[in-house]
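Participant: With the input below, show me the fold.
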Amino acid sequence: MREFFVITEHRSETISSLLRWFFLVLCIPLFYYPPIADVLHFNHDTFLILLTIGIVYMTATQFVLYRFHEKSLYYRLFTRGGIVFDFVCYIWLMALTGGSESPFMPVGYLIVIHAALYWRLRGSFVLAALSFSMYLFFFIRDGGIQSTETFFNFFMKSTFLWLIALYGGIIASKERQYYFEKNMYQLQSVQDYLTGLLNHRKFQEDVLERTKLKTPFTLVLCDIDHFKRFNDAHGHVIGDEVLKMVGATFKRYLSSKDGTAYRYGGEEFAWIMNTENESVVKKTIEQVNQHLYQFPYTTSQNRKLPVTLSYGVAFYAEEDSPADIIQRADSLLYEAKSDGRNTLKVDKLKSEENQLIV
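Facilitator: So this is what the prediction gives:
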């Protein structure tokens, strides 16, 4: 039940989209249903054009919200662009429904709040300034300044507009800061500081989840060859740089679609790959090794320090517990290191080739 009240960015955009549909449906009887339209006498000249544009844009937005990822270009274009669309339609609708006396004037408050969600205090003030400017234009155009009552109404509505911009911007800024800090703390709890990979704790959680759900996967444990000797010879600062380089290489060749890389501990790493296809696993490993071979760590004295890895590859079996598959992969890694390192061992071979090609 608590989750129902958690408003994510995607959920807020879904609500905004539904509100657009609500106002669009509301406008149709106001313009075309005789008992209401005959009383209001709104300007029909361009409403049908506005209605058509609104339906097309809102349908496209609905499609993007449900079919595209939040970080995609289309998603960001339609969500951020939605504020501009809302503002244009808002001014257009005010022009058709009485200008400064339009019953739709309070819709501007919602647009200001929507802008605050993305651009915080600055965004809310920019939209408030634009809305106020157009409202002032309609007010002067319609001769509202000649009536004390009309001027008082204009003053009060404008004051509320600026207060909402200020208060909404402050709340949005505080919420964004809280959201950023919360994400940062969550990330710190699961991320290895040095390499930027996920940490051992997150690895154990993900293996447990996979085995509980019985989701097929491949576990790869890998170790930097002779890393202790490397540290002793070149120092821990360079050792840390090598760990960063290896982590960056994993990120480059192990996409989120293929799987996830973790720092298991010290110079040891783990991959959880979303496949049981041995050739796919081996191809990814060879890409990593080929990259490390072509781009070794280079010291400030332009000395190249080759970095190689040994691998143990275990495929998930339905009866496996987390300890079972980790133990299997660890034993295979130990075999690879015993066989001279810079190689891999697989627990169910489909070929006789274990030595990596670099």
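
Participant: if I look at the residue of the chain positioned farthest from its centre, how far off is residue 308?
Facilitator: Seen from the C-alpha centroid of the chain, the residue lying at the greatest distance (C-alpha atoms, centre = their mean) is residue 146, 51.7 Å away. As defined by C-beta to C-beta, to the nearest Å, residue 146 lies at a distance of 85 Å from residue 308. (Each C-beta comes from the backbone N, C-alpha and C, glycine too.)

Participant: tally of neighbours for residue 329?
Facilitator: By the criterion of other C-beta atoms under 10 Å, residue 329 has 25 neighbours.

Participant: Enumerate every residue touching it.
Facilitator: For residue 329, the contact set (C-beta atoms under 8 Å, 6 or more residues apart in numbering) comprises 219, 220, 221, 270, 312, 313, 314, 347.

Participant: Among these, which ones are in strands?
Facilitator: Counting by DSSP state E, the part of the contacts of residue 329 found in strands is 219, 220, 221, 270, 312, 313, 314.

Participant: So which elements touch the helix or strand residue 177 falls within?
Facilitator: With elements taken from DSSP states H and E, the one containing residue 177 is helix 148-190. Applying 3 or more C-beta pairs under 8 Å, 6 or more residues apart in numbering; DSSP states H and E, one finds that helix 148-190 makes contact with helix 107-141, helix 200-213.

Participant: Could you dump those into CSV with distance to residue 11 added?
Facilitator: Output for these, formatted as CSV (distance: least, C-beta to C-beta, whole Å):
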stretch, distance to residue 11
helix 107-141, 11
helix 200-213, 24
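
Participant: Redo the ones you listed as CSV? Include mean pLDDT.
Facilitator: Listed next are the helices and strands packed on helix 148-190 as CSV, based on pLDDT from 0 to 100:
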stretch, mean pLDDT
helix 107-141, 89
helix 200-213, 92
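
Participant: In TSV: those, plus mean neighbour count and distance to residue 322.
Facilitator: Below are the helices and strands packed on helix 148-190 laid out as TSV (neighbours: other C-beta atoms under 10 Å; distance: least, C-beta to C-beta, whole Å):
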stretch	mean neighbour count	distance to residue 322
helix 107-141	20	41
helix 200-213	16	5
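
Participant: closest one to residue 178 among these?
Facilitator: Across these, residue 178 has its closest neighbour in helix 107-141 (12.4 Å, C-beta to C-beta).

Participant: Between helix 148-190 and that closest one, find me the angle.
Facilitator: Between helix 107-141 and helix 148-190, the angle comes out at 150 degrees (axes from the mean of the first three to the mean of the last three C-alpha atoms, to 10 degrees).

Participant: In TSV: the contacts of residue 329, plus distance to residue 58.
Facilitator: Shown next, in TSV, are the contacts of residue 329 (distance: C-beta to C-beta, whole Å):
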residue	distance to residue 58
219	46
220	46
221	50
270	46
312	53
313	50
314	50
347	53
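
Participant: Just the closest of those to residue 70, please.
Facilitator: Using C-beta to C-beta, the contacts of residue 329 come closest to residue 70 at residue 270, 27.8 Å.

Participant: and the closest one, what are its bridge partners?
Facilitator: For residue 270, the beta-bridge partners are residue 221, residue 262 (DSSP bridges).

Participant: That one and residue 249, how far apart?
Facilitator: On the measure of C-beta to C-beta, residue 270 and residue 249 end up 15 Å apart.

Participant: Among those two, which residue is more densely surrounded?
Facilitator: More neighbours surround residue 270 than the other of residue 270 and residue 249, with 27 against 19 (other C-beta under 10 Å).

Participant: Dump the contacts of residue 329 to TSV, plus distance to residue 92 and pLDDT.
Facilitator: Converted to TSV, the contacts of residue 329 look like this (distance: C-beta to C-beta, whole Å; pLDDT from 0 to 100):
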residue	distance to residue 92	pLDDT
219	58	95
220	58	96
221	62	96
270	57	96
312	65	95
313	62	95
314	62	94
347	66	85
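
Participant: Which of the residues you listed are buried, as a ChimeraX select command?
Facilitator: Per 16 or more other C-beta atoms under 10 Å, the buried members of those correspond to this ChimeraX selection:
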select :219,220,221,270,312,313,314,347
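
Participant: where do the strands sit along the stretch 201-350 of the chain?
Facilitator: Along the stretch 201-350 of the chain, counting by DSSP state E, counting those that start in this stretch, strands occupy 218-224, 259-265, 268-273, 297-298, 304-305, 309-315, 344-346.

Participant: my read: residue 119 touches residue 126, true?
Facilitator: Yes. At 7.2 Å, residue 119 counts as touching residue 126 under the criterion of C-beta atoms under 8 Å.

Participant: do you know which of the strands of the stretch 201-350 of the chain lies nearest residue 22?
Facilitator: strand 259-265 (41.2 Å).

Participant: For the closest one, which residues meet the burial criterion?
Facilitator: 259, 260, 261, 262, 263, 264.

Participant: Which helix or strand contains the residue nearest the centre of the chain?
Facilitator: Centroid-nearest residue in the chain, with C-alpha atoms, centre = their mean: residue 71, separated by 4.7 Å. Using DSSP H and E, residue 71 falls within no helix or strand.

Participant: Check it and give its pLDDT.
Facilitator: Predicted confidence (pLDDT) for residue 71: 74.

Participant: repeat for the one 4 residues further on
Facilitator: Model confidence at residue 75, given as pLDDT, is 87.

Participant: three-state assignment of it?
Facilitator: In the three-state summary, residue 75 is assigned as helix, counting by DSSP: H, G, I helix; E, B strand; the rest coil.

Participant: Neighbours of the closest residue to it other than its chain neighbours, how many?
Facilitator: Nearest in space to residue 75, with sequence neighbours left out and distances taken as C-beta to C-beta, 6 or more residues apart in numbering, is residue 68 at 4.6 Å. By other C-beta under 10 Å, 15 other residues sit near residue 68.
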